[in-house]
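Visitor: I'll drop the sequence and a predicted model, then ask my questions.
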Amino acid sequence: MKTIFIIATVLTLIGITGCTGNTDFHIAESLYPETTLKSTGESSSVPEEINDKEEESSREGLSESAVSEKAAETSTSGTNPSLTTSTSVNTPAESQTAGTPSKPPATSSQQPEPIEPAEPTDPVYTQKDYDDIIRIVREYAESQTKIKFIWKPVMQKDGSGYHGTPNLNKSGKDGVIRTLKYHVDLTADVLTDPANGLTSDTVEYNIVWYEQDRYFFEEPGKDIYFALIYG
C-alpha cells in the first residue's frame, strides 16, 4: 500500500511536470508563432492573418511611396518645362499657314494724280447741219393742210415777220428743229384766225440762219441763229 502511494505520488509529480512543460511550450508557441509553425509543420490561421496584414501593409507602403513619387514628379513638372506635357507652339510661318490672314502686299503710298476733266468744248456745226435743219423744217411746213406754205428763198429777215430766233449753239440741232416746227404751226394759226384780221390760205416763207456776236457778259465768240420768216 505504501508502495502504491509512492508510485501514485511519483506519477502525479510527473504529470504535473509534464503539464508545466506543455504550458511553457504553448506559451512559447503563442509568442513565436512563426518558429512554432516551422517546428511543428502545422498550419495555423493566426500566422496567415498576420502575413496578410504584412502584405497589405507592404502594399500600402508601396502605394504610399508611389504616391509620394508621383507628387514629387508633379511638383517637379510644374517648375521644369522639360518634364511638362509638350504643347505645339506655332511658329510665325505655321501660324500664317494655319489660317491667320496674311497682310496685303505693301503698296506704294504715292497716289495717282487725279485726271482733270477736259473742259467742254462747243460742238462744231457745218453747212451740212444748216442744210439739214432747213430741209426738215421745209418738209414739215409744206405738209400742212390748214394753210399752204410757199417757199421763197429770196426773202430776208428785214421787212418780214418771225416768231423767234433759236440759238443753235445753245439749243442744239434737234432743239432748233423743234422750235422752228412750232413756229410753222403758230404761223398757220395766226394767218387763219379771223380774230387777227384778214385770213389767208397761202403764205410765203423762208428759213434763214446768220451769225451774231455774243453779249458782253458772255464768253467772247459768235453764235448761229435760225429764223422762220413769212410775209
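Guide: Received the coordinates, thanks. Numbering: from 1, shown residues only.
Visitor: in stretch 177-195, what counts as buried?
Guide: Residues of stretch 177-195 classed as buried: 177, 179-180, 183-184, 187-188, 190-191 (neighbour count, 16 or more other CB atoms under 10 Å). (Glycine included, C-beta is placed from N, CA and C.)
Visitor: tell me the pLDDT of the nearest residue to residue 214 once chain neighbours are set aside.
Guide: Nearest non-adjacent residue to residue 214, counting by CB to CB, 6 or more residues apart in numbering: residue 221, 5.5 Å away. We have a pLDDT of 89 for residue 221.
Visitor: select the longest strand from the protein.
Guide: strand 202-213 (DSSP state E).
Visitor: what comes up buried for it?
Guide: Of all the residues in strand 202-213, those buried under the rule 16+ other CB under 10 Å are 203, 205-209.
Visitor: pretty sure residue 176 is touching residue 226, no?
Guide: Yes - with contact defined as CB atoms under 8 Å, residue 176 reaches residue 226; the gap is 5.3 Å.
Visitor: common neighbours of these two, please.
Guide: Residues touching both residue 176 and residue 226 (CB atoms under 8 Å, 6 or more residues apart in numbering): 133, 166, 168.
Visitor: tell me which entries of those residues lie within helices.
Guide: 133, 168 (DSSP state H).
Visitor: in a markdown table, list the shared contacts of residue 176 and residue 226 along with neighbour count, pLDDT and distance to residue 122.
Guide: Converted to a markdown table, these look like this (neighbours: other CB atoms under 10 Å; pLDDT from 0 to 100; distance: CB to CB, whole Å):
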| residue | neighbour count | pLDDT | distance to residue 122 |
| --- | --- | --- | --- |
| 133 | 22 | 98 | 17 |
| 166 | 22 | 97 | 16 |
| 168 | 19 | 96 | 10 |
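Visitor: out of the shared contacts of residue 176 and residue 226, who's nearest residue 124?
Guide: Proximity of the shared contacts of residue 176 and residue 226 to residue 124, judged by CB to CB, is greatest for residue 168, which lies at 11.1 Å.
Visitor: with adjacent residues omitted, what lies nearest to that closest one?
Guide: Sequence neighbours aside, residue 224 is the residue nearest to residue 168 in space, at 4.0 Å (criterion: CB to CB, 6+ apart).
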